[in-house]
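A.B. asks: with the input below, show me the fold.
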Amino acid sequence: MRTEVDGINFTITGNGINQTVTTANGGKFQIDNLMPGIYTVTEQAYDKYEPQETHRVTVVAGQVAKVNFNNKLKRGDLQVVKSSEDNLVEGVKFHLFGTSLSGDAVDQYAVTDKDGVATFKDVLISGSEPYTLEEVDTAIRYVVPKNQTAPVKWKEVTTRNFNNILKKFTVTVTKSDAGKGEAQGNAKLSGAVYGIYKGETLIDKYVTDENGQFTTKEYVCDTDWTIREITP
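C.D. replies: Next up is the predicted model:
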């Protein structure tokens, strides 16, 4: 969609003229009473717009010469590279949001392909504050990754990396006497053997220490883990 822009400065030079004018009333300006000849029209550079080429226009007596400029907002790309501990990287959604240098809101989504890459194409360049990039609807098995900031620059590709870490747990087991919570007589709390099972499969064995305790290593969270005493 084309929008006429007021407040843009142009410099007109030629035939002894060096004059700066500003667009108004729908992105227009007009200079009257120019001598016939060739003039150069140059738009002032603005950070949010792509640079404009200088135009040359021929003024003929009794006619109105016209010159058109079409400003394009600067854009760039953002690429998100996804990795995970279980190598499942396709179909992950990301959300990019913030305010562009032009003052327009940016609110876009992209989804990773089979290689774990999500691309935001032709994004308006960011202003003094970078955009915010977040992962959306993170699978429950993962720790939700922190949001990241992401500047978008003209004709550049910004890259951000997100890694999904699987949720993990550890268990500390304390063996105690059913009555007093400590070994009695010849009984002892150390040396008891426990197994940690996934479903019905024994994964690891652990032995209680002199305090009747042991702590497992980390395991990936799931619903079918159990701990069972193997040898009292």
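A.B. asks: C-alpha from now on. contacts and neighbour counts both.
C.D. replies: Will do.
A.B. asks: what average pLDDT does stretch 152-166 get?
C.D. replies: Averaging pLDDT along stretch 152-166 yields 98.
A.B. asks: which parts of that stretch are buried?
C.D. replies: Of the residues in stretch 152-166, 152, 153, 154, 157, 158, 162, 163, 164, 165, 166 count as buried by neighbour count, 16 or more other C-alpha atoms under 10 Å.
A.B. asks: one more: stretch 72-79?
C.D. replies: In terms of neighbour count (16+ other C-alpha under 10 Å), stretch 72-79 has its buried residues at 73, 74, 75, 76, 77, 78, 79.
A.B. asks: tell me which two of the buried residues of stretch 152-166 sit farthest apart.
C.D. replies: Spanning the widest gap among the buried residues of stretch 152-166 are 154 and 166, at 36.1 Å by C-alpha to C-alpha.
A.B. asks: ok, residue 208 - how many residues close by?
C.D. replies: A count of neighbours around residue 208, defined by other C-alpha atoms under 10 Å, yields 19.
A.B. asks: that one and residue 188 touch, don't they?
C.D. replies: No. Counting by C-alpha atoms under 8 Å, residue 208 does not reach residue 188; the two are 10.1 Å apart.
A.B. asks: picking that back up, I'd like the buried residues of stretch 152-166 laid out as CSV, including secondary structure and distance to residue 226.
C.D. replies: Shown next, in CSV, are the buried residues of stretch 152-166 (DSSP: H, G, I helix; E, B strand; the rest coil; distance: C-alpha to C-alpha, whole Å):
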residue, secondary structure, distance to residue 226
152, coil, 49
153, coil, 52
154, coil, 55
157, strand, 48
158, strand, 45
162, strand, 32
163, strand, 29
164, strand, 25
165, strand, 22
166, strand, 19
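A.B. asks: in the protein, which ranges drop under the pLDDT threshold?
C.D. replies: Applying pLDDT under 70 to the chain flags the ranges 1-2, 4, 178-187.
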